[in-house]
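Asker: What would the 3D arrangement of this be:
(one chain, ligands or ions: 2)
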Amino acid sequence: MDRSFPEIKTFFGFGCMRLPMIGSEVDIEQFKEMTDYFINNGFNYFDTAHGYIDGKSEKAIKVALTDRYPRDKYLLTDKLTEPYFHSQEEIRPFFQSQLEACGVEYFDFYLMHAQNAVNFEHFKKCKAYETAFELKKEGKIRHVGLSFHDKAEVLDNILTTYPEIEVVQIQFNYVDYDDPSVQSKKVYDVCRKHGKPIIVMEPVKGGSLVKLPDAAAKVYEELGDGLSNASYAIRFAAHQEGIRIVLSGMSDMAQMKDNVSFMKDFKPLSEAELGAIAKVTAIYKGLDMIPCTACHYCVEENHCPMDIKIPELFACLNTKKVFNDWNQNMYYGNLTATSGKASACIECGGCEAVCPQHLEIRALLKDVAAEFEK
Ligand code: SF4
Ligand code: SF4
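Answerer: Residues are numbered from 1 along each chain as shown. Ligands and ions are numbered 1, 2, ... in the order given. Below you'll find the predicted structure:
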């Protein structure tokens with residue numbers, strides 16, 4: 001673990017991408033309860049981005065957190081995301097709108113969002129990094145960092161180009177550790193080489209490492225310690241050298257209580273637990289699931305002209321495959337009654353351009369259609 005940024009009280013952060021919902025609105029009362037529980041248990045790090053829940057995450061943070069707590073009680077991270085600026089001139093007004101939406105005068109951390117080889121060129125051209133460093137000098141940002149979704153050599157290039165970057169947020173979990181596309185371990189090694197503290201996102205891979213297939217869940221049950229599946233995944237990330245904070249995108253009070261129970265007094269993994277994680281990884285990889293993290297980037301901002309609910313359709317196929325759950329046929333019918341079927345894809349490629357997991361969505365939708373539209 002890493003001890004930089006002493007203002008961060010613990011090794012655990014509240015990712016506000018998957019907040020509790022009532023229909024299409026954030027369940028503010030539950031979010032307030034979760035916020036209170038988190039802070040009362042000694043945690044203080046919150047993470048958001050403008051695109052999360054179509055702008056509703058930032059606004060909910062104002063109501064549940066920043067209107068209710070003094071500024072020194074919490075740290076808030078926000079991000080600069082590609083679709084929201086087309087030139088350097090557009091960055092400052094967008095940044096200001098984020099401060100206002102969140103109800104704060106400054107961000108503790110401000111990250112260049114979801115950097116990859118393609119959008120890094122856009123950020124460079126618009127002098128996004130330079131603008132963030134200026135905002136830091138003006139006191140409106142305390143620390144500048146980036147979040148990252150690409151190959152290790154791309155990160156190496158970014159950190160060489162902008163050595164002033166203070167922190168890097170990466171996707172890191174036991175399944176993606178040696179994945180050839182996500183490259184968690186190689187990306188982690190680049191952060192270490194450049195001496196950058198690391199923030200971990202997707203420790204439970206969008207929930208996939210929580211709802212495990214029976215054979216994998218049994219491996220953890222046999223440890224006999226009564227801990228949740230999430231605990232092994234989150235502690236696996238927190239266990240590594242150089243990790244400053246692990247984010248969890250908690251969606252209800254039960255998840256919050258569970259996560260707090262093992263992160264409040266963090267204990268590194270034992271040899272037996274590491275062995276169990278290795279077994280679960282092998283089982284998980286044998287299942288051939290679609291590695292979608294349900295981030296929803298592909299469906300936000302009207303990316304899909306056919307209104308195909310891509311992550312939900314992928315989840316249907318995964319669940320049917322892994323759990324032999326025939327109810328998924330009914331869910332698929334319900335889901336596509338008011339939105340696009342998988343077969344409606346016109347292969348425009350808009351979704352693939354923004355998928356941080358680099359999934360071949362068009363081809364995968366054909367698999368979904370073959371399963372559910374026979
Ligand atoms: S490729 Fe298909 S699923 Fe992707 S945005 Fe275009 S129509 Fe939608
Ligand atoms: S398909 Fe890609 S962009 Fe869409 S939800 Fe899944 S991981 Fe995110």
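
Asker: Does residue 233 touch residue 176 like I think?
Answerer: No: Residue 233 is beyond contact range of residue 176, at 10.8 Å (criterion: C-beta atoms under 8 Å). (C-beta placed from N, C-alpha, C; glycine too.)

Asker: Go ahead and list the helix or strand containing residue 317.
Answerer: Assessed by DSSP states H and E, residue 317 sits inside helix 310-323.

Asker: backbone phi and psi for the closest residue to residue 28 other than its chain neighbours, please?
Answerer: Once flanking residues are discounted, residue 28 sits nearest to residue 63: 5.6 Å by C-beta to C-beta, 6 or more residues apart in numbering. Torsion angles at residue 63 (phi, psi; degrees, to the nearest 10) stand at phi -70, psi -40.

Asker: mind checking the SS state of residue 49?
Answerer: For residue 49, the assignment made with DSSP: H, G, I helix; E, B strand; the rest coil gives coil.

Asker: Check the secondary structure at the closest residue to residue 142 other than its chain neighbours for me.
Answerer: Once flanking residues are discounted, residue 142 sits nearest to residue 108: 4.7 Å by C-beta to C-beta, 6+ apart. Classification of residue 108 by three-state DSSP places it in strand.

Asker: mind listing what's buried in stretch 222-231?
Answerer: 227, 228, 229, 230, 231 (16 or more other C-beta atoms under 10 Å).

Asker: That one: end-to-end distance?
Answerer: One end of stretch 222-231 sits 15 Å from the other (C-alpha to C-alpha, to the nearest Å).

Asker: what's the answer for stretch 219-232, then?
Answerer: Separation of the first and last residues of stretch 219-232 by C-alpha to C-alpha is 11 Å.

Asker: can you give me the offset of it from its chain's centre?
Answerer: Distance, stretch centre to chain centre, for stretch 219-232: 23 Å (C-alpha atoms, centre = their mean, to the nearest Å).

Asker: ok, now stretch 175-182?
Answerer: 15 Å.

Asker: my guess is residue 369 meets residue 336, correct?
Answerer: No: counting by C-beta under 8 Å, residue 369 does not reach residue 336; the two are 10.1 Å apart.

Asker: if we can go back for a sec, do the helix holding residue 317 and ligand 2 meet?
Answerer: Yes: judged by C-beta under 6 Å from any ligand atom, helix 310-323 and ligand 2 are in contact via 310, 311.

Asker: Okay, buried residues for that helix please.
Answerer: Buried residues in helix 310-323, defined by neighbour count with 16+ other C-beta under 10 Å: 310-322.

Asker: and it, what does it pack onto?
Answerer: Judged by 3 or more C-beta pairs under 8 Å, 6 or more residues apart in numbering; DSSP states H and E, helix 310-323 is in contact with helix 327-335, helix 361-372.

Asker: possible to save the ones you listed as JSON lines with distance to ligand 2, mean neighbour count and mean pLDDT?
Answerer: Putting the helices and strands packed on helix 310-323 into JSON lines (distance: least, C-beta to the nearest ligand atom, whole Å; neighbours: other C-beta atoms under 10 Å; pLDDT from 0 to 100) gives the following:
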{"stretch": "helix 327-335", "distance to ligand 2": "14", "mean neighbour count": "15", "mean pLDDT": "83"}
{"stretch": "helix 361-372", "distance to ligand 2": "5", "mean neighbour count": "18", "mean pLDDT": "95"}
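
Asker: Ligand 1 contacts on this structure?
Answerer: Counting by C-beta under 6 Å from any ligand atom, the chain sits next to ligand 1 at 303-306, 308, 310, 345-351, 361-362, 365.

Asker: go with 8 Å
Answerer: Within the chain, the residues that sit near ligand 1 (C-beta under 8 Å from any ligand atom) are 298, 303-306, 308, 310, 340, 344-352, 361-362, 365.

Asker: List the contacts of whatever residue of the stretch 151-300 of the chain ends up closest to ligand 1.
Answerer: Closest residue of the stretch 151-300 of the chain to ligand 1, C-beta to the nearest ligand atom: residue 298 (6.7 Å). Applying C-beta atoms under 8 Å, 6 or more residues apart in numbering to residue 298 gives the contacts 304, 310, 311, 350, 351, 352, 354, 355, 361.

Asker: That one - nearest residue in space that isn't next to it in sequence?
Answerer: Leaving aside its chain neighbours, residue 298 sits nearest to residue 351 (3.8 Å; criterion: C-beta to C-beta, 6+ apart).

Asker: Output the contacting helices and strands for the strand or helix carrying that neighbour.
Answerer: Here residue 351 sits within helix 350-354, counting by DSSP H and E. Packing contacts for helix 350-354, counted by 3+ C-beta pairs under 8 Å, 6+ apart, involve helix 361-372.

Asker: any idea how far residue 333 is from residue 361?
Answerer: Per C-beta to C-beta, to the nearest Å, residue 333 is found 21 Å from residue 361.

Asker: so where is this protein shaky, pLDDT-wise?
Answerer: Across the chain, the ranges flagged by pLDDT under 70 are 302, 323-325.

Asker: in the helix or strand containing residue 130, what counts as buried?
Answerer: According to DSSP H and E, residue 130 maps onto helix 128-137. For helix 128-137, a neighbour-count test (16+ other C-beta under 10 Å) marks 128, 129, 131, 132, 135, 136 as buried.

Asker: Quick check: closest non-adjacent residue to the fourth one.
Answerer: If the residues on either side of it in the chain are set aside, residue 132 comes closest to residue 144, at 4.6 Å by C-beta to C-beta, 6+ apart.

Asker: contacting residues around residue 31?
Answerer: Each residue near residue 31 by C-beta under 8 Å, 6+ apart is listed here: 19, 20, 60, 63, 64.

Asker: Now secondary structure and neighbour count too, for those residues, in a markdown table please.
Answerer: Converted to a markdown table, the contacts of residue 31 look like this (DSSP: H, G, I helix; E, B strand; the rest coil; neighbours: other C-beta atoms under 10 Å):
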| residue | secondary structure | neighbour count |
| --- | --- | --- |
| 19 | coil | 26 |
| 20 | coil | 19 |
| 60 | helix | 25 |
| 63 | helix | 15 |
| 64 | helix | 23 |
